[in-house]
Each structure stands twice: as structure tokens, then as C-alpha cells.
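**Q** Have a look at this fold, sequence not included:
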């Protein structure tokens, strides 16, 4: 008969199996992070010996109006894109849960953006929204409306980037919420229909309570990912025009790798 490992032996085996993963994470994440933290406390510059200066870099950063504006803009970006993509993703999931002919086709078309690289996606949208030869402005012009400077006007560029990001990220919400909605007990909806509940009452009293655990996870992950968004914004506008789309990630990249601060 096979002997069952003792708890202490199982713990040692678990630690042994985790060691390679922990070693890789330590080398590629922990060590660089600690080194970056140390560099932030020095006057580091290419070709100049390191000199420890404490928190002077952080103090000067907080005095920069550009950084504070980037922080505010970043929070506004996250607020807009997370609210819109979650609301839109939930609406699509509930609509698809009703069932339609060619259901798999519609679902596949809606989640296509997941298969596209963010940089490639940004290049495609930058072409579509081009003021001189973009198809979107051509369509707008057919309705007698003047061409719109989607990415050149500081008043529009921020909202344009937000909309493109929502289009790219909504499928990530859909692929989580839609399967969760399909697992909800059907008898609950049948009982609501028998009781004469309206569509809104059914959503508020049946669907919404069941969705809350899933939405909590979705919202947390979408906030984390939206805060560090870089590729789409950088490819489309590089933080311009007039720094109107400059988030914290773009600001730090410019300061570190364009101005060498």
C-alpha cells in the first residue's frame, strides 16, 4: 500500500516545488524593483557616479505641476474607462444571455479585440481617425459635417483615447461576466416572471445580487490595468497634443527616457 505523506513532508514538498517559481520572480521582479527604489534615492544619471540624496527626487516630483496634472488626468481616465467598459460589458453579457441565432458568431465578433496587440490596435485606430485620409472623417464628411480633429484637438484627444481604450478592453469584461451570467439558476428568473416582475425589477433583485461577486473582481482588475495603461496612449498621441493625454505612465516615460531626468 502507498503511504500517505505526513503534513510536514507535504509542506516541504510544496515549498520545494515553489522554489523555482519564487527564484524566477525574485530575479525578474524583486531585485529590479529594489534596485529601482535605491536609484530613486540617488542623483543617478548616465556617466555620473551615484550619490545618495534621500527623498529629494520625490520632493521635487511633487512640486512639478506637470506631474500633479498627470495624476489628476490618470484618475479621470481610469474613472471614465472603467465605468463605461464595465457598464457596456455587463449590458452585452445580459443581452447575449437571452440567446440569439448565430450566438457564437456574435460572441466571437465582440471579443475579437482581445486577439489584437494593443500597439497594433492603436496604429489601426490612429489611421482610422486620421484627419487627412482617415475613413471615419470621410464618413462624417458624407453627412455634411466638417472633418473632426480626433487626435489633434486637445479638447477631443483625451475622450478619443478613452473611447478607443473602452473598445479594446470591454471584451475582457464580457468574457468574465457572460459565463458567470449563464450559471445563474434559471428557476429564479422563472419565479420572477410568474410574480410579474418587470425587467428592471428582475435585474435589481435577481441578476444584480448574483453579479456582485464577479463584478468586484472585474472592477479591481480593470482599475489596476487602466492605471498603468501606456501602449495605446503612447502609440496614438504620445501624451499630446499639449499634454492633454499625458497620464502618469506617459509622464514618467518622458521624464526618464526623453528628458533623461
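**A** That came through, no problem. Just so it is clear, the structure is predicted and the values come from calculations on it, not from any experiment.
**Q** residue ranges with poor pLDDT in the chain?
**A** 1-6 (pLDDT under 70).
**Q** all helices of it, in order?
**A** Assigned by DSSP state H, the helices in the chain fall at 7-25, 31-39, 56-62, 65-96, 103-110, 118-128, 135-142, 154-182, 186-194, 199-202, 208-227, 231-236, 248-253.
**Q** Give me the angle between the fifth one and helix 65-96.
**A** Going by axes from the mean of the first three to the mean of the last three Cα atoms, to 10 degrees, helix 103-110 is angled at 170 degrees with respect to helix 65-96.
**Q** So which elements touch helix 103-110?
**A** Here helix 103-110 touches helix 65-96, helix 154-182, going by 3 or more Cβ pairs under 8 Å, 6 or more residues apart in numbering; DSSP states H and E. Glycine gets a C-beta too; all of them are placed from N, C-alpha and C.
**Q** who wins for proximity to residue 137 among those?
**A** helix 154-182 (12.1 Å; Cβ to Cβ).
**Q** Generate JSON lines for the helices of the chain, with distance to residue 259 and mean neighbour count as supplementary columns.
**A** Formatted as JSON lines, those follow (distance: least, Cβ to Cβ, whole Å; neighbours: other Cβ atoms under 10 Å):
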{"stretch": "helix 7-25", "distance to residue 259": "32", "mean neighbour count": "10"}
{"stretch": "helix 31-39", "distance to residue 259": "16", "mean neighbour count": "11"}
{"stretch": "helix 56-62", "distance to residue 259": "13", "mean neighbour count": "13"}
{"stretch": "helix 65-96", "distance to residue 259": "11", "mean neighbour count": "17"}
{"stretch": "helix 103-110", "distance to residue 259": "41", "mean neighbour count": "12"}
{"stretch": "helix 118-128", "distance to residue 259": "23", "mean neighbour count": "16"}
{"stretch": "helix 135-142", "distance to residue 259": "33", "mean neighbour count": "13"}
{"stretch": "helix 154-182", "distance to residue 259": "21", "mean neighbour count": "19"}
{"stretch": "helix 186-194", "distance to residue 259": "58", "mean neighbour count": "12"}
{"stretch": "helix 199-202", "distance to residue 259": "53", "mean neighbour count": "12"}
{"stretch": "helix 208-227", "distance to residue 259": "23", "mean neighbour count": "14"}
{"stretch": "helix 231-236", "distance to residue 259": "15", "mean neighbour count": "20"}
{"stretch": "helix 248-253", "distance to residue 259": "10", "mean neighbour count": "19"}
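**Q** Including distance to residue 261, could these go into CSV?
**A** Formatted as CSV, those follow (distance: least, Cβ to Cβ, whole Å):
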stretch, distance to residue 261
helix 7-25, 30
helix 31-39, 12
helix 56-62, 9
helix 65-96, 11
helix 103-110, 43
helix 118-128, 25
helix 135-142, 37
helix 154-182, 24
helix 186-194, 58
helix 199-202, 53
helix 208-227, 22
helix 231-236, 18
helix 248-253, 10
